[in-house]
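J.: need the 3D shape of this:
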Amino acid sequence: MAIISVSLDNQTLSELSDLLKTGFSSRSDAIRAGIKALVAEKKARSRLSGTAKAVLLVIHTQDAEAEANDPKHSFDDVIRTQLHSDMRDGRCLEVFIMEGRAERVAKFVERMQASSGIESIKLVVL
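T.: Got it, this is the predicted structure:
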């Protein structure tokens, strides 16, 4: 098994340590599980075909408002509606209702996932 080095900020490291209390035997196990979940999500998106209807939920810091909203302008062909809510704790919730070519929906999700300041992202395919 390869050994890699990962840089984490203090908050992420603390959250990783908290995961150990849920049954992971080591940080490495928790990181492997996270990677497996991301890979599974990517595979599920790659299986989308034809026209897709979906809802994308995104939580980001207020500081990341631009990073969370800039990609949407390149995907107006699939974004039907966007709702924004200030969660009053320094974070915002974005809800994107999408319909269009599945490849474009998947690409938008990937672009959002790669944006800095994104805390959580969840795609629900209808």
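J.: three-state assignment of S115?
T.: Using DSSP: H, G, I helix; E, B strand; the rest coil, the structure places S115 in coil.
J.: quick one: contacts for it?
T.: S115 makes contact with H60, A64, E67, A68, P71, according to CB atoms under 8 Å, 6 or more residues apart in numbering. No exception for glycine: its C-beta is placed from N, CA and C like everyone else's.
J.: now for the longest helix along the chain, which elements pack on it?
T.: Looking across the chain with DSSP state H, the single longest helix is helix 27-46. Applying 3 or more CB pairs under 8 Å, 6 or more residues apart in numbering; DSSP states H and E, one finds that helix 27-46 contacts helix 10-19, helix 102-113.
J.: which of the contacts of S115 fall within helices?
T.: Under the assignment DSSP H, those contribute E67, A68 to helices.
J.: which of the contacts of S115 sits closest to K43?
T.: Nearest to K43, judged by CB to CB, of the contacts of S115 is P71 at 21.7 Å.
J.: distance check, that closest one against F96.
T.: Distance of P71 to F96, given as CB to CB, to the nearest Å: 10 Å.
J.: sweet, I'm off.
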